[in-house]
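> need a structure here:
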Amino acid sequence: MSLLPLKSYFAWPITKKPILNSVKLAGTLLLYCFSALPVGAMTLSVLGDTMVLSGEIVRPDLDRVQAAFAKHPAIKQVVLRNSMGGNSWTGYRLGELFRERGVTTVVSGHCVSSCSRLFLGGKRRLFSDDYPQSLTYVGFHGHYDFGKLNRAAVEKNDQVAWTKKFTDNKIDPKLLNRWINIERRAGDVRFYPDGVATRWRAKTFLCEGTESRRPNGCEKLPTDAIKEGIVTSRDVFSSPDAANLPFKQREKLHPTTALASLEDVSKLPTKSATAKRDYELFLNAALPRALAISRDGRAMAWSANGARSIDVALESCNKKSAVKCALYAVDERIVWQRP
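Here you go, the predicted structure:
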């Protein structure tokens with residue numbers, strides 16, 4: 001049966017019952033098509049012995065992950081990429097499933113809220129180098145309704161006992177108590193890889209959710225992911241699809257050089273009087289970012305928080321200089337090549 005154009009349904013007299021039946025059928029078919037797909041489900045892919053999960057967690061994800069394990073019994077790693085969480089019940093059940101199967105879980109980018117329980121489910125738990133270290137973290141907090149803390153849900157899910165068990169009883173009870181009582185859903189206790197300590201003077205932060213700059217504006221905590229049983233090793237994992245990720249592609253085009261550490265302002269090859277000030281601004285800017293310096297050291301320019309930051313930095317620098325500019329830093333790496 002062919003259907004009329006949409007405008008015909010609105011124009012046709014209501015006495016034409018066959019046409020109305022066609023509209024109902026079309027609506028039913030559309031509803032069926034959309035309901036067949038989990039709304040907001042995680043993206044799931046299997047690459048060899050690695051499962052990659054990203055995005056919002058919803059209830060059907062438990063069945064989908066179980067089916068993936070059944071179809072691919074050789075899965076050994078589960079990469080959790082850029083998820084702000086989702087359904088809390090599903091988060092607990094997936095964490096328990098991962099522990100039962102003895103898989104390694106990996107943080108790729110950020111893994112927050114319910115995603116953190118998936119991560120704790122891993123028998124072995126690692127950070128990855130898929131993204132820059134300042135964008136790589138796992139974040140924990142309580143349970144929330146409409147953005148506000150729901151203490152009844154924390155108790156109902158026995159979040160304290162569950163977290164102690166899945167951190168192998170290494171978590172500091174005082175720290176755990178602090179994070180399950182963060183009032184706003186936007187807040188969390190977040191654990192970063194070791195490399196951020198040089199830049200931020202800490203690897204663990206407690207954010208209340210009101211800070212304008214995170215994690216710099218958050219409380220620095222004198223502990224780390226290893227000590228608290230969040231990760232089990234300082235080994236770093238590289239996902240099988242890492243080469244296709246944006247930051248890895250930038251790294252391939254502009255390889256890291258050993259000229260200096262990112263924070264060492266004294267090594268800047270520039271004579272600009274404002275170089276130190278501008279460089280400090282660059283270090284506090286959002287990724288993706290890039291900084292360019294002219295080969296004679298007289299001009300410098302940078303750009304941040306944009307996919308074209310490399311092009312913009314070079315174009316801005318070249319407009320200021322008669323001598324060609326080159327990239328000095330990209331994201332969190334020094335890429336300067338000596339003339």
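> need the contact list for Ala153.
Residues near Ala153 by Cβ atoms under 8 Å, 6 or more residues apart in numbering: Ser88, Gly142, His143, Tyr144, Asp145. Yep, even glycine has a C-beta here, placed from its N, CA and C like the rest.
> Kindly report the same for Met42.
Leu53, Ser54, Gly55, Glu56, Ile57, Val58, Asp61, Arg64, Ser83, Gly86.
> The protein: helices as residue ranges?
6-11, 17-35, 60-71, 88-101, 114-120, 151-156, 159-166, 173-180, 197-200, 246-253, 275-283, 309-320 (DSSP state H).
> For the third one, enumerate the helices and strands it packs against.
This points to helix 60-71. For helix 60-71, the elements it packs on are strand 43-47, strand 50-54, helix 88-101, judged by 3 or more Cβ pairs under 8 Å, 6 or more residues apart in numbering; DSSP states H and E.
> Buried deepest among these, which one?
strand 50-54 (a mean of 21; mean count of other Cβ atoms under 10 Å).
> mind saving the C-alpha coords of that strand as PDB?
The C-alpha atoms that make up strand 50-54 are tabulated as PDB, following Å, rounded to 0.1, in the frame of the first residue of the first chain:
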ATOM      1  CA  THR A  50      38.700  -5.300  22.800                       C
ATOM      2  CA  MET A  51      35.200  -4.000  23.300                       C
ATOM      3  CA  VAL A  52      34.800  -0.200  23.100                       C
ATOM      4  CA  LEU A  53      31.900   1.500  24.800                       C
ATOM      5  CA  SER A  54      31.100   5.200  24.700                       C
END
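> pLDDT of it, averaged?
Strand 50-54 carries an average pLDDT of 98.
> What of stretch 224-237?
98.
> List of residues touching it?
So stretch 224-237 is in contact with 77, 79, 104, 106, 119-120, 122-129, 138, 167-172, 175, 191-194, 203-204, going by Cβ under 8 Å, 6+ apart.
> related to what we said a few turns ago, between the contacts of Ala153, which is nearest Gly306?
Tyr144 (31.8 Å; Cβ to Cβ).
> So what pairs up with that closest one in the strands?
In this entry, Tyr144 is beta-bridged to Leu149, by DSSP bridges.
> Count the residues that sit near it.
By other Cβ atoms under 10 Å, 20 other residues sit near Tyr144.
> nearest spatial neighbour of Tyr279, skipping sequence neighbours?
Counting by Cβ to Cβ, 6 or more residues apart in numbering, Val265 is the residue found nearest to Tyr279 once chain neighbours are left out, at 5.6 Å.
> ditto for Asn177
Nearest to Asn177 is Val160, by Cβ to Cβ, 6+ apart, at 7.7 Å.
> Select only the buried ones of the contacts of stretch 224-237 in PyMOL?
Entered in PyMOL, the line below selects the buried ones among the contacts of stretch 224-237, by 16 or more other Cβ atoms under 10 Å:
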select buried, resi 77+79+104+106+119+120+122+124+125+126+127+128+129+138+167+171+175+191+192+193+203+204
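> Mark which of the contacts of stretch 224-237 are part of strands, please.
Among the contacts of stretch 224-237, DSSP state E puts Gln77, Val79, Thr104, Val106, Arg124, Arg125, Leu126, Phe127, Ser128, Val138, Phe191, Thr204 in strands.
> hmm, back to that, would you mind checking the contacts of Met42 for buried ones?
Buried, going by 16+ other Cβ under 10 Å: Leu53, Ser54, Gly55, Glu56, Ile57, Val58, Asp61, Ser83, Gly86, out of these.
> still on that earlier bit, of the ones in strands among the contacts of stretch 224-237, just say which sits nearest to Asn181.
Nearest to Asn181 among the ones in strands among the contacts of stretch 224-237, with distances taken as Cβ to Cβ, is Thr204, at 16.9 Å.
> what's the pLDDT at the closest one?
98.
> Let me know how buried the closest residue to it other than its chain neighbours is, in neighbour terms.
Closest residue in space to Thr204, ignoring its immediate chain neighbours: Leu221 at 4.2 Å, by Cβ to Cβ, 6+ apart. By other Cβ under 10 Å, the residues close to Leu221 number 18.
> Hmm, Cys207 and Leu221 touching each other?
No: applying Cβ atoms under 8 Å, one finds Leu221 not in contact with Cys207, separated by 10.6 Å.
> can you list residues touching both of the two?
Val189.
> Let me see the contact set for Thr270.
Ile293, Ser294, Gly297, Arg298, Ala299, Met300.
> can you redo the residues you listed as a markdown table with distance to Ala153, neighbour count and pLDDT?
Below are these laid out as a markdown table (distance: Cβ to Cβ, whole Å; neighbours: other Cβ atoms under 10 Å; pLDDT from 0 to 100):
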| residue | distance to Ala153 | neighbour count | pLDDT |
| --- | --- | --- | --- |
| Ile293 | 53 | 27 | 96 |
| Ser294 | 57 | 22 | 95 |
| Gly297 | 58 | 15 | 93 |
| Arg298 | 60 | 14 | 92 |
| Ala299 | 56 | 21 | 93 |
| Met300 | 51 | 26 | 95 |
